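>>> mind looking at a prediction? Sequence and model below.
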Amino acid sequence: MLSAGERHWQSQWHTTRILCRDKTLAALLNSFLLPSHFPFAGEVGLKVVLAMTFRLPLIGVLLCGVLAAGCQRTARDLKLSQPTAREACTTFLTAWKEGKKADELKPKIYGRDQSWDDGQKLIDFELLAEEKTDGVTLFVPARLTLQDAKGKESKSTVTYAVATDPVITVIRD
């Protein structure tokens, strides 16, 4: 049996229950979608009570817009600029050689190399001419001279996968 106050809230706010198996997701939904003063806010077992306020429809519309925008592009729509990709790979490796962090290149270039992340120093590099492409990604082979924390140098030939659309990314393959 509901108290008079609970009946008031229930009549003022139309509520619905959404099944939620993940408690982290339940907390996230709870914090973003419910007004802090809503008395039924919280977890009830695996269910979360959501208030149907102006915030829920707005978030729903924004979420649908983002999802719909993402669904309209396919890999065939992505364009590869080979000169830009090669230049991005050079910029990425030059930054490493100069002792910078990969995050310093953002937002222009997003990149990752596990050896860089592990703290190895890039002493020298050479981009090789045997590039390949699948139409979306340029695969750039490079000869690297690395130095570990003990000062020992090693040479290796690796390949970087470089994409230029929708953002420039350089990832060691």
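Received it, and whenever you're ready, just let me know what you need.

>>> let me see the mean pLDDT of the one helix or strand residue 146 maps to.
Using DSSP states H and E, the element containing residue 146 is strand 137-147. Computed over strand 137-147, the mean pLDDT rounds to 97.

>>> so what's residue 88 up against?
Applying Cβ atoms under 8 Å, 6 or more residues apart in numbering to residue 88 gives the contacts 109, 162, 164, 168, 170. Placement of C-beta: from N, CA and C, glycine included.

>>> again, only using 6 Å
By Cβ atoms under 6 Å, 6 or more residues apart in numbering, the contact set of residue 88 is 109, 162, 168, 170.

>>> for ChimeraX, write a command that selects the buried ones of those.
Here is the ChimeraX command that picks out the buried ones among the contacts of residue 88, judged by 16 or more other Cβ atoms under 10 Å:
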select :109,162,168,170
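
>>> ok so, going back, would you mark the buried spots in the strand holding residue 146?
137, 138, 140, 141, 142, 144, 146.

>>> residue 157: which of the residues you listed is nearest?
residue 141 (6.2 Å; Cβ to Cβ).
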